[in-house]
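> Sharing a model that was predicted from the sequence below.
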Amino acid sequence: MRQIVLCLLMLLSFISVYAKKKEIYPVTDIPKELLKRADAVIRLDKTEVFLNSKTEFIIKEHFVVTILNESGKELSSKMVDYDKDSKILEFSGVLYNSNGKKIKKSRKSDIIDFSATSGYTVFSDNRSKRMSFEYAEYPFTVEFECIKKVNGGFFIPGWAKPMYSRISVQETILKVNVKSGIVFNYKELNDADKYRTIAHYGEYKVYSWKSENVIADKYEVFQPSIIELTPYVMTAVGEFDFEGFHGSLATWNDFGKWSSVLNWDRQKISEKTIQDVRNIVADIANTRDKVKAVYKYMQGRTRYVSIQEGIGGFRPFPAETVDRLGYGDCKALTNYTLALLKVVGIKSYYTRIYGGEKRKFYKDFPCQQFNHVILTVPLEKDTMWLECTSQNNPANFIAGFTEDRYGLMITRNGGKLIRTKKYDENDNTRITNANFIVDEQGKAKGKINIVWKGRQFSDKRPLMNRSVKDHKKYILNMFGHLDFDIVDYSFKENLSEDPSLELYVDVNVNNLVKASDTKLMLKGSPLFRYSNSLKKKSNRKKPFEFTYAYKDIDSVSITLPKGYKVEYNPRTKDIENEFGSYKYTIEINDNKIVYVRKTIAKEGQHPAIKYNEFVNYVRKKRSCDKQEIILKKI
């Protein structure tokens, strides 16, 4: 304790000396190149961490930004989060005019303290303090300083060379002061080691990463996540104590042991529930079907809420609590489902994972790369994964949110990295079948059926909960190039293990076919067409990527008035390359045209030099979609 106090005194002494320096930030000191296409310039973004022991650390932040115009105004506010395991020791701010003259220093009354709780959160000790400055004349500068003490935990700030759209950065620094005896781990990506220095000050080993004069970035369509594009540093402590629970991040197995201890003996449920679950599966012989039945039972009697209170942010509620209350977060609902399956003799495993758009996972750097929990159920021939926060997902359906990524499966003996199943182009499909009958004036009556599966099902499923007005708007936009009226429509959901969403639409179309006195003309792709929004870039800087593969098959049958013969029929087109494939065929028999278009988009990342090739590919597909079939009156 004496050493910790001395460290704090050293830190506060440093702050006192620092405060006596007359620091002003005139706009004229900003290098001219940083002002180009910038709405704001961050003058200083410095984070300093003091790792004093396994049970606490100090974070000091110093942030200075010059707001150049109205578009950069949002940076004139600063928010700091805290909870019962962290305390804000100091939070202050200063406003300067364009010449660097101090206009205002913050007072306690300028700080707003509020609960950082969402509508789905019922238990949370997360709070935030926010400070904002207003000034009528641009440019102006704001300066914020904050010191926070954190008890336990393993979240240490990382560092990245800035890559902000329309924001330049003059200086960004991360300093980690590691006291002797404390284990600090870091992983440097994309040449981040070039920005690192290491020094020794007394009992502390100081790791620093610093970059200077970074010009505002320009976003490029389909660019990968920032972590893959810029020098980046991941950080973690080797050992930690969090609310009395000792943990290690030396290996994934060690991290899993900590989680296992948190979850220990939290699977008790009531005798009534035990009997209910046993009765549900009594006549089911197949293990897979038993899992589905138990999963459906859990969904029918629980709902999702967020729990973010202390160790509760990592530890599930006891199963008996969920059993009694009927709600829980991802951790609690997963643990509850595990307990239900355990009752009927089925082994399953609590699994930490990242939920959301897939991002790169670093197997060689054990740390908290997760934000969600699902349940892994190994079977004899394969594995099922259960998303326990959903009240209506089919069992073993995880497309989009947790598919094709690493998770940490928690066993009694520790953690084991596993990878969830991947949904490829044969899973992520849109299948369209349409039939139209056209009259002499070119007007058509049609029936359209569209079936979405896999990732496309996940993306379209929210439509089920939208209004009739929204449904019709969506349908009209989907075929935006057509002039048509919706006669009737309906959605149908199939919630099997391979779920689908179906749309049935009856339409009257005014411009499916262009009619003259002697000819009928119609586009080769009557329903779906590629847009022409992409432009070639001679100086593209960043790679581009597509995060999942999919396949669309469109079959359209058109019955025309009799008495016409083919004047022009576009030849079959077949294109295939590293980005995907495109093929269409047109068959004309008597007065019936059958058009089939099949497109596949491949997952993958490509270098910037390939971007114009991709644009050419899209343009070729668009050109094919616009090919006209011409029929002449006999």
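Perfect, thanks for sending it. Numbering: from 1, shown residues only.
> Now the phi/psi pair for T337, please.
The phi and psi values for T337, taken as degrees, to the nearest 10, are phi -60, psi -40.
> With E493 as the reference, measure out to it.
From T337 across to E493, the span is 22 Å (C-beta to C-beta, to the nearest Å). Where you see a C-beta, it was placed from the backbone N, CA and C, and this is true even at glycine.
> Neighbour count for those two, which is higher?
Using other C-beta atoms under 10 Å, the more surrounded residue of T337 and E493 is T337, with 26 against 13.
> I'd assumed A293 was in contact with the more buried one.
No - in this structure, T337 is not within contact of A293 by C-beta atoms under 8 Å, at 12.0 Å.
> F255 sits in which helix or strand?
helix 252-263 (DSSP states H and E).
> Now do the following helix or strand past that helix: everything it contacts.
From helix 252-263 onward toward the C-terminus, using DSSP H and E, the following helix or strand is helix 271-281. For helix 271-281, contacts defined as C-beta atoms under 8 Å, 6 or more residues apart in numbering pick out K290, A293, V294, Y297, D323, L340, V343, V344.
> Which of those residues fall within helices?
With helices taken from DSSP state H, the overlap with the contacts of helix 271-281 comprises K290, A293, V294, Y297, D323, L340, V343.
> quick one: which of these is most hemmed in?
Ranked by the number of neighbours (other C-beta under 10 Å), the ones in helices among the contacts of helix 271-281 place L340 first, at 27 neighbours.
> wait, doesn't that residue sit right on V294?
Yes - counting by C-beta under 8 Å, L340 does reach V294; the two are 5.0 Å apart.
> hang on, the earlier thing: what residues sit buried inside the helix holding F255?
Buried residues in helix 252-263, counted by 16 or more other C-beta atoms under 10 Å: W252, N253, D254, F255, G256, K257, W258, S259, S260, L262, N263.
> Of those residues, which is the nearest to K551?
Of all these, K551 sits closest to W252, with 35.0 Å by C-beta to C-beta.
> correct me, but V513 touches M521?
Yes - judged on C-beta under 8 Å, V513 makes contact with M521 at a distance of 6.9 Å.
> Which one's more surrounded, the two?
Under the neighbour definition other C-beta under 10 Å, V513 and M521 were set side by side, and V513 has more, 25 against 15.
> what's the closest non-adjacent residue to the more buried one?
G442 (4.1 Å; C-beta to C-beta, 6 or more residues apart in numbering).
> what residues are up against the one you found?
Each residue near G442 by C-beta under 8 Å, 6+ apart is listed here: N510, N511, L512, V513, K514, A515, L520.
> and it, that's in a helix?
No - per DSSP: H, G, I helix; E, B strand; the rest coil, G442 lies outside any helix segment and is coil.
> Pull up the gap between it and Y568, please.
Separation of G442 from Y568 (C-beta to C-beta): 17 Å.
> cool, and G244?
79 Å.
> K514 too?
The value you get for K514 to Y568, if C-beta to C-beta is used, is 13 Å.
> ok, now L495?
The gap separating L495 from Y568 is 46 Å, by C-beta to C-beta.
> Tell me which stretches of the stretch 301-450 of the chain form strands.
Assigned by DSSP state E, counting those that start in this stretch, the stretch 301-450 of the chain shows strands spanning 303-304, 306-308, 327-328, 349-353, 372-378, 383-386, 406-411, 414-419, 429-438, 444-453.
> and of those, who's closest to F114?
Nearest of these (C-beta to C-beta): strand 306-308, 14.7 Å.
> as a whole number, average confidence for the closest one?
What strand 306-308 shows for mean pLDDT is 66.
> Phi and psi next, for the residue lying closest to K633 once chain neighbours are set aside.
Among residues not flanking K633 along the chain, T518 sits closest, at 4.8 Å (C-beta to C-beta, 6+ apart). Geometry field for T518 lists phi and psi as phi -120, psi -10, criterion degrees, to the nearest 10.
> how much space between T518 and K565?
In this view, T518 and K565 are 11 Å apart by C-beta to C-beta.
> shared neighbours, the two?
Residues touching both T518 and K565 by C-beta under 8 Å, 6+ apart: K632.
> need the contacts of G442 in TSV with distance to R430, can you?
Listed next are the contacts of G442 as TSV, based on distance: C-beta to C-beta, whole Å:
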residue	distance to R430
N510	25
N511	23
L512	20
V513	24
K514	27
A515	30
L520	28
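> Can you flag which of those belong to strands?
If you go by DSSP state E, the contacts of G442 have K514, A515, L520 in strands.
> Closest to T235 out of the residues you listed?
Nearest member of the ones in strands among the contacts of G442 to T235, counting by C-beta to C-beta, is K514, at 63.3 Å.
> List the beta-bridge partners for the spatially closest residue to that closest one that is not a sequence neighbour.
Nearest residue to K514, sequence neighbours excluded (C-beta to C-beta, 6+ apart): M521, at 4.5 Å. Legend: beta-bridge partners of M521 under DSSP bridges are K514, I630.
> M521 reaches I630, doesn't it?
Yes - applying C-beta under 8 Å as the test, M521 and I630 come out as touching, 5.2 Å apart.
> shaky segments in the stretch 101-250 of the chain?
116-125, 153 (pLDDT under 70).
> Correction: the previous question concerned the stretch 501-634 of the chain.
Applying pLDDT under 70 to the stretch 501-634 of the chain flags the ranges 532.
> Which parts of it are helices?
Assignment of helices within the stretch 501-634 of the chain using DSSP state H, counting those that start in this stretch yields the ranges 611-625.
> Look up how far S557 lies from the most far-flung residue of the chain relative to its centre.
When each C-alpha in the chain is compared with the mean C-alpha position (C-alpha atoms, centre = their mean), I634 comes out farthest, at 57.9 Å. Counting by C-beta to C-beta, the separation of I634 from S557 is 22 Å.
> Touching, E220 and K542? I think so.
Yes - when contacts are counted by C-beta under 8 Å, E220 is listed as touching K542 (4.9 Å).
> Can you give me the pLDDT of the residue nearest to V513?
Note for G442: predicted pLDDT of 85.
> again with the one 3 residues further on
Confidence per residue is given as pLDDT, and for K445 that number is 96.
> Name the residues linked to it by a beta bridge.
The partner residues for K445, given DSSP bridges, come to I437, N508.
> surely it meets N508?
Yes - with contact defined as C-beta under 8 Å, K445 reaches N508; the gap is 5.8 Å.
> Helix, strand, or coil at S458?
S458 ends up helix, using three-state DSSP.
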